[in-house]
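>>> The following block contains a protein sequence and its predicted model.
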Amino acid sequence: MDKNTFRRNELLAAKVMKGLKSRNMTGYYAADKGEALKIALDLIPEGASVTMGGGESVHAIGLSAALKEGDYNFIDRDAYEDKREAMLLAYDADVFLSSANAITEDGIMVNIDGNANRVSAIAQGPKKVVFVVGMNKVCDDLDGAMKRARNVAAPINAQRFELNTPCRKTGACMDCKSPDTICCQFLVTRFSRHEGRIHVILVNDALGF
Ligand code: SF4
């Protein structure tokens, strides 16, 4: 990465972390994926029950693989025939892992969901929530974050999962009410009531969608 981009991301991440702190959440800056993995593992004690609700960024830094191999109770949703059972286990987990569809420069996160298992676990249940967020997800403000979620994250996910939504064909949100829509719930995380619950690792890389 060009050194000017690196410096710009460092400065922007400092601004986001300041915003997170003002919202009772903790931010971290990782210079690369390896550092992000180390920060994440430092936040997860051995023996912890850990689960996640999707999250390409979590996979991209090697975190899910490390947890599967390590001394953790990693609840792998894909290994469960009964997906509902796995989703319900998430609410009582020690740690929930996620990415964010967008984050504002002042630390507000936006996440959209079809089933709502991910956004509901972020909002309530797991004792600790660890986000892995690439610097490509940082937006100027809440309006920009909502637009990113609808016009970047959702269309790409609709394409990945071959959903029958207008955005899959147009590449932009058409505000649909399609049965396949992944925009059933929008979660705006603007403050954490519980000190030490939400941790956000900002990674100096383009991760996820
Ligand atoms: S509301 Fe519909 S068209 Fe818009 S992003 Fe969501 S799924 Fe796509």
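Sure thing, it's come through.

>>> Report all helices and strands that the lengthiest helix in the chain contacts.
In the chain, with assignment by DSSP state H, the single longest helix is helix 3-22. Applying 3 or more CB pairs under 8 Å, 6 or more residues apart in numbering; DSSP states H and E, one finds that helix 3-22 makes contact with strand 26-30, strand 102-104, strand 198-203. (Each C-beta comes from the backbone N, C-alpha and C, glycine too.)

>>> between the helix or strand that the first one is followed by and strand 198-203, how big is the angle?
Elements were assigned by DSSP states H and E; along the chain past strand 26-30, the next helix or strand is helix 33-43. Taking axes from the mean of the first three to the mean of the last three CA atoms, to 10 degrees, one finds that helix 33-43 is oriented at 160 degrees with respect to strand 198-203.

>>> Who are the packing partners of helix 33-43?
strand 26-30, helix 63-69, strand 128-134, strand 198-203.

>>> Looks like Met109 contacts Thr189 (just checking).
Yes: counting by CB atoms under 8 Å, Met109 touches Thr189, with 4.3 Å between them.

>>> which of these two has more neighbours?
Between Met109 and Thr189, counted using other CB atoms under 10 Å, the more crowded position is Met109 (26 against 22).

>>> gap between the more buried one and the ligand?
18 Å (CB to the nearest ligand atom, to the nearest Å).

>>> Quick check: phi and psi on that residue?
Met109 adopts backbone torsions of phi -110, psi 150, taken as degrees, to the nearest 10.

>>> Might you list the low-confidence residue ranges for this protein?
Within the chain, no stretch has pLDDT under 70.

>>> What parts of this structure come near the ligand?
Counting by CB under 6 Å from any ligand atom, the chain comes close to the ligand at 150, 154, 158, 165-167, 173-176, 178, 181-183.

>>> For those, which PyMOL command selects only the ones that are buried?
Buried residues among those (16 or more other CB atoms under 10 Å), as a PyMOL selection:
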select buried, resi 150+154+158+165+166+167+173+176+181+182+183
